[in-house]
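Enquirer: From the sequence below, what's the structure:
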Amino acid sequence: MTQEAGAEERRRLRAGDRRELIARMIQTDGTVVVEELARSLEVTPSTIRRDLALLTEQGTIARTYGGAMSAGHTAEPTLGQRSGLAVAEKDRIGRWAAARIGPGDTVILDAGTTTGRLAHHLRARTDLTVITSGLTALRELAEADGVELITLAGTLRHVSQGFVGPLAELTLSRLTADKVFLGADGLDAQLGICEASLQQTSLKEMMAERGKELYVLADSSKLGQSPFTAWAPLDRAWTLVTDSGATDGQLAPFRALPDTEVITV
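Expert: Numbers count the residues shown, from 1 in each chain. Purely as a prediction, here's the structure:
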């Protein structure tokens, strides 16, 4: 079959056939990315997301950052892999969050790519204190002379480029903040923040308690997802900041919470 004929065949795929093909691709490759699937199958990314949502409901696959993996596959994506996903969405979320931070504020930044974009937008600030466990934020702010930078140094998780463990928690126990900004591997309205390890959820839970205001920064691919089994509950008032690509169905469980504000950017 020629390349042109193959492309024409993909265009003629019915929805059910397309989803069956996607499921086979995931079984073969282990993981797929929304943008790559959209280009390969010559449909829009939103069409692929709907396909993946249906396959997830059927238990065929599990959603990941910007894509999907086989239901039995539990590999944690590296920070480098995540940094190339939902780039524009993460930047908009980070820019919005940066605008909420005022002169004289002390803020806690979680490890991760979205909080890394928040840190990027703080580089020119002055009269600001940033407490962080993430190497991404540290790199962004290392030469920001107007920012006092406090590191929650502990045991480095290489895959996520963040510090965790008792030393990080000990440092955090001596500090408080005006605002806390957390990331998430997955986010469930009832269970809270999903992560790959209990060390991560323990630190996040403690971070959430150390600030006057709590924000969870999560692009729409994270909403309603539970890629792992460790959870940090959100037992206080908090604000979800996500991108405008989130559907009403994704947002409804969070909007129904009594002490949660939902922001889309």
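
Enquirer: doesn't residue 97 fall inside a helix?
Expert: Yes - applying DSSP: H, G, I helix; E, B strand; the rest coil, one finds residue 97 inside a helix.

Enquirer: tally of neighbours for it?
Expert: 26 (other Cβ atoms under 10 Å). C-beta here means a position set from N, CA and C on the backbone, and glycine is covered the same way.

Enquirer: Likewise for residue 203?
Expert: Here the number of neighbours of residue 203 (other Cβ under 10 Å) works out to 27.

Enquirer: and it, how far is that from residue 180?
Expert: Distance from residue 203 to residue 180, counting by Cβ to Cβ, to the nearest Å: 12 Å.

Enquirer: Just the CA atoms of whichever strand or helix holds residue 16, as PDB, please.
Expert: Element membership for residue 16, per DSSP states H and E: helix 15-29. What follows is helix 15-29, C-alpha atoms only, in PDB (Å, rounded to 0.1, in the frame of the first residue of the first chain):
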ATOM      1  CA  ALA A  15     -15.000   6.100  14.900                       C
ATOM      2  CA  GLY A  16     -15.300   2.500  16.200                       C
ATOM      3  CA  ASP A  17     -12.600   1.300  13.800                       C
ATOM      4  CA  ARG A  18     -10.400   4.300  14.800                       C
ATOM      5  CA  ARG A  19     -10.700   3.500  18.400                       C
ATOM      6  CA  GLU A  20      -9.900  -0.200  17.800                       C
ATOM      7  CA  LEU A  21      -6.800   0.900  15.900                       C
ATOM      8  CA  ILE A  22      -5.700   3.200  18.700                       C
ATOM      9  CA  ALA A  23      -6.100   0.400  21.200                       C
ATOM     10  CA  ARG A  24      -4.000  -1.900  19.100                       C
ATOM     11  CA  MET A  25      -1.300   0.900  18.800                       C
ATOM     12  CA  ILE A  26      -1.200   1.300  22.600                       C
ATOM     13  CA  GLN A  27      -0.900  -2.500  23.100                       C
ATOM     14  CA  THR A  28       2.000  -2.600  20.600                       C
ATOM     15  CA  ASP A  29       3.800   0.600  21.700                       C
END
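
Enquirer: What helices and strands are in contact with that helix?
Expert: Under the contact definition 3 or more Cβ pairs under 8 Å, 6 or more residues apart in numbering; DSSP states H and E, helix 15-29 sits against strand 31-33, helix 34-41, helix 45-57, strand 67-70.

Enquirer: Remind me what the strand or helix carrying residue 206 packs against, helices and strands.
Expert: Assigned by DSSP H and E, residue 206 falls within helix 198-209. Counting contacts by 3+ Cβ pairs under 8 Å, 6+ apart, helix 198-209 packs against strand 155-157, strand 162-164, helix 166-173, strand 177-182, strand 192-195, strand 230-232.

Enquirer: what comes into contact with the helix or strand harbouring residue 187?
Expert: Counting by DSSP H and E, the element that carries residue 187 is strand 186-188. Outside of strand 186-188, the residues within contact range by Cβ atoms under 8 Å, 6 or more residues apart in numbering are 193-194, 216, 218, 222-228, 231, 240, 253.
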